[in-house]
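Student: fold the following for me, if possible:
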Amino acid sequence: ARTILNTVYYILFLFGIQTVLALLLALILQKNTRHNKFFRALFFLPMVFSSTMVSLTWSYMYDPNLGIINNILGKFNVEGFPGHNFFTPEWCAILFIVLVHIWHNIGYPITIYTSGLQTISDDVHEAATLDGVNPWNRFWKITFPLMLPTILRTTMLTFSTGALAYDYVLMMGS
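Tutor: As a prediction, this is how the structure comes out:
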C-alpha cells in the first residue's frame, strides 16, 4: 500500500512540475531563432544518457558529505550544509528524485509542446492583439484551449513514464 501511495505522489509531482515547466519553456523557445534552437537542443541533450548514469551522477551530487550541492550551499554559509540529507523525510526523497527525472526527460515534452505551439496560426494571435487582448488572456483564451490535445498526450506520456520510473528510485534510493 505504501509503495502504491509513493508511486501516486511521484506521478503527481512529476506531472505538476514537468507539465508547467515544459509548457513555460516551450512558450519561451517557440520562435525558430538560432539561440532558441541551441537551448532546445540543450534541454534535449540529457535524454541521450541512460537513466542509470543520470541517477548515479545525481545521487553523488546529492551526497550529504561529498556532494557538490551540499558543498556549494556550504560555501554560501547556508545553515545545515554540508551534511544535509536530501532524501529525508520521505516526501523530499520523492521530490528530489522527480527533479532528476524531469532534468533527464524535459526535452521531450518541450519538443512536443513547441510543435503544438507552432501549429497555432499566427493570424489568430495577431487578430487578438489587434482587438486589444493582453498576452495573459491570449494564452488562456486562445493558446491553452488549442494546446489541450497536445497537453493530454504529454499527460499520458508523463503518467506512464512516472509509473515506470523504478530505475531512478532504485539507483538513487539505495
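Student: what ranges does this protein have for its helices?
Tutor: For the chain, the helices defined by DSSP state H occupy 2-28, 34-44, 51-61, 68-75, 90-105, 107-118, 122-130, 135-138, 144-163, 166-173.
Student: can you add distance to Pro82, mean neighbour count and mean pLDDT and give those back as TSV?
Tutor: (Each C-beta comes from the backbone N, C-alpha and C, glycine too.) Shown next, in TSV, are these (distance: least, C-beta to C-beta, whole Å; neighbours: other C-beta atoms under 10 Å; pLDDT from 0 to 100):
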stretch	distance to Pro82	mean neighbour count	mean pLDDT
helix 2-28	25	16	94
helix 34-44	29	13	93
helix 51-61	12	17	93
helix 68-75	4	15	90
helix 90-105	16	19	93
helix 107-118	31	20	95
helix 122-130	49	12	92
helix 135-138	42	12	94
helix 144-163	31	15	94
helix 166-173	18	16	86
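Student: just put those helices in CSV and tack on distance to Gly83.
Tutor: Listed next are these as CSV, based on distance: least, C-beta to C-beta, whole Å:
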stretch, distance to Gly83
helix 2-28, 25
helix 34-44, 32
helix 51-61, 15
helix 68-75, 7
helix 90-105, 15
helix 107-118, 33
helix 122-130, 51
helix 135-138, 43
helix 144-163, 31
helix 166-173, 18
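Student: list the contacts of the closest residue to Ile102 other than its chain neighbours.
Tutor: Leaving out its chain neighbours, the residue that sits closest to Ile102 by C-beta to C-beta, 6 or more residues apart in numbering is Gln18, at 4.9 Å. Residues counted as contacts of Gln18 (C-beta atoms under 8 Å, 6 or more residues apart in numbering) are His101, Ile102, Asn105, Ile106, Pro109, Thr158.
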